[in-house]
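K.L.:
What shape does this take:
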Amino acid sequence: MKAKGFFSSFNDVWMLDGMRTPMVDYCGALGHISPTDLGIKAARAALQKSGVAGTDIDSVLAGNMAPGDFGQFMLPRHIGLYAGVPVEVPAIMVQRICGTGFELFRQAGEQIQSGAADVALVVGTESMTRNPIASFEHRTGFKLGAPVGFKDFMWEALKDSAAGIDMIQTAENLARKYGITRGQVDEFASSSFAKAVAAQQSGFHAGEIAAVGSEKFELEGYATRGIRLQGKTAELTQDTHARLSPVEVLAKLHAVHPGGVQTGGNSAALVDAAAAAVVASGAYARANGKKPLARVVAAAAVGVPPEIMGIGPAPAIRLLLDRCGLALDQIGRFEINEAQGAQTLAVAKELGLDISKLNVNGGAIALGHPLAATGVRLTLTVAREMQRAGVRYGIASACVGGGQGIALLLENPEVNN
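P.N.:
Here you go, the predicted model:
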């Protein structure tokens, strides 16, 4: 029986290049910045890095989960316009929760494959800090003595009302199912931190980070936007959460749920960031003398039970490999979002994955998980790592709250055998 799920393959679709902002800790130096402005910054940096003029862009695809201000409805449009994309070019908001960044590439690939666009700008942006304190109950007024009803949007959004559990509990379910211990999760998290620090010190991460300082985004005839850093911070040049975290230190942290394996130290960090990339047809790349970073080969998205949503990357990767006619050992590098340590280890166990190929420059536990930006960041990172390591194929993937998984297959244009 044919496996259920979305599968899209692309014959001649390329990621030319991309850039991202630093990923900055929750309530940190980017906490007061609109996700629209973070997205504009990343988009401008990606266009500059790829050498593509904004006027060449045919489609803008942007992703953002939680509203960071009242301008969210116009976020994709404003990112495109202030990045220099012509006013005639449309923009769309894309949403697949933690898989949003990958969905951006999937939809861009389909637009290019169909001939609807030659060049697409994809942007994922998220301010975790600016998740609102919200109420959905008071449009008709406040009743005397009734509960006020304001709640933390981010905290409530981490709960799956269908399964009646939060995202951490889905990882705990996987820990029990796959026999994963607290010690193994802390060891994995400590390794993620160590790899992230090493990649930071070697300058690897710097190759995809656009420094963020105070600047204005001008658009003739329209309001001036921009970024203004507060306090003594003049410029942000690197991710802020990465730090050496020995197992013995992580072991002292209390589990989120009593008796569980997940803590604040071995789960994805909360950060604010944006990431962007330019995706184009091969015809455009060749006609304009571009040297692409990677070929976008295919994408797959699947559904899994909500109560074990974190296993989603495993069937998504299997579907991707099966439909592409590839074996797991042909993939030289994997970037799988570290939503929770137990969740990532469960995926690795389910697939029989060689851990030495996984998140070799650190993952979301060390670097952070800015929801809609994560998939773009992972795709950019794995493409750059494939070139550094000289491997042909790489996969970037993530689990998705509610019970989904999504995966993207890339090919290194410098290695063809």
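K.L.:
switch to C-alpha atoms for all contacts and neighbour counts from now on
P.N.:
Fine.
K.L.:
how about the strands in the stretch 151-300 of the chain?
P.N.:
151-152, 159-160, 165-166, 212-213, 215-217, 225-227, 235-236, 271-281, 294-303 (DSSP state E, counting those that start in this stretch).
K.L.:
Can I get those in TSV including mean neighbour count?
P.N.:
Shown next, in TSV, are these (neighbours: other CA atoms under 10 Å):
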stretch	mean neighbour count
strand 151-152	12
strand 159-160	18
strand 165-166	16
strand 212-213	19
strand 215-217	14
strand 225-227	18
strand 235-236	16
strand 271-281	30
strand 294-303	26
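K.L.:
Show me the one of these that comes nearest residue 64.
P.N.:
strand 271-281 (9.4 Å; CA to CA).
K.L.:
Report the rounded mean pLDDT for stretch 315-330.
P.N.:
Mean pLDDT, computed over stretch 315-330, is 98.
K.L.:
actually stretch 125-133, not the one I wrote
P.N.:
Averaged over stretch 125-133, pLDDT sits at 97.
K.L.:
and the end-to-end length of that stretch?
P.N.:
Stretch 125-133 has its terminal residues 19 Å apart, counting by CA to CA, to the nearest Å.
K.L.:
do stretch 80-96 as well
P.N.:
20 Å.
K.L.:
so how far is it off the chain centroid?
P.N.:
19 Å (CA atoms, centre = their mean, to the nearest Å).
K.L.:
mind listing what's buried in it?
P.N.:
Within stretch 80-96, the residues scored as buried using 16 or more other CA atoms under 10 Å are 80-86, 90-96.
K.L.:
still on that earlier bit, quick one: which of the strands of the stretch 151-300 of the chain is nearest residue 33?
P.N.:
Using CA to CA, the strands of the stretch 151-300 of the chain put strand 225-227 closest to residue 33, at 6.7 Å.
K.L.:
so what strands line up beside that closest one?
P.N.:
Its sheet considered, strand 225-227 pairs with strand 215-217 (antiparallel) by DSSP bridges.
K.L.:
Quick check: the closest residue to residue 368 other than its chain neighbours vs residue 380, distance?
P.N.:
Distance criterion CA to CA, 6 or more residues apart in numbering; nearest residue to residue 368, sequence neighbours excluded, is residue 269 at 4.2 Å. Separation of residue 269 from residue 380 (CA to CA): 19 Å.
K.L.:
and what of residue 29?
P.N.:
24 Å.
K.L.:
more crowded one of those two?
P.N.:
residue 380 (24 against 20; other CA atoms under 10 Å).
K.L.:
quick one, what contacts the more buried one?
P.N.:
Listed by CA atoms under 8 Å, 6 or more residues apart in numbering, the contact partners of residue 380 are 17, 18, 19, 208, 277.
K.L.:
and the two most separated of the residues you listed?
P.N.:
208 and 277 (10.5 Å).
K.L.:
Need the residues touching each of those two.
P.N.:
Common contacts of residue 208 and residue 277, defined by CA under 8 Å, 6+ apart, comprise 18, 19, 380.
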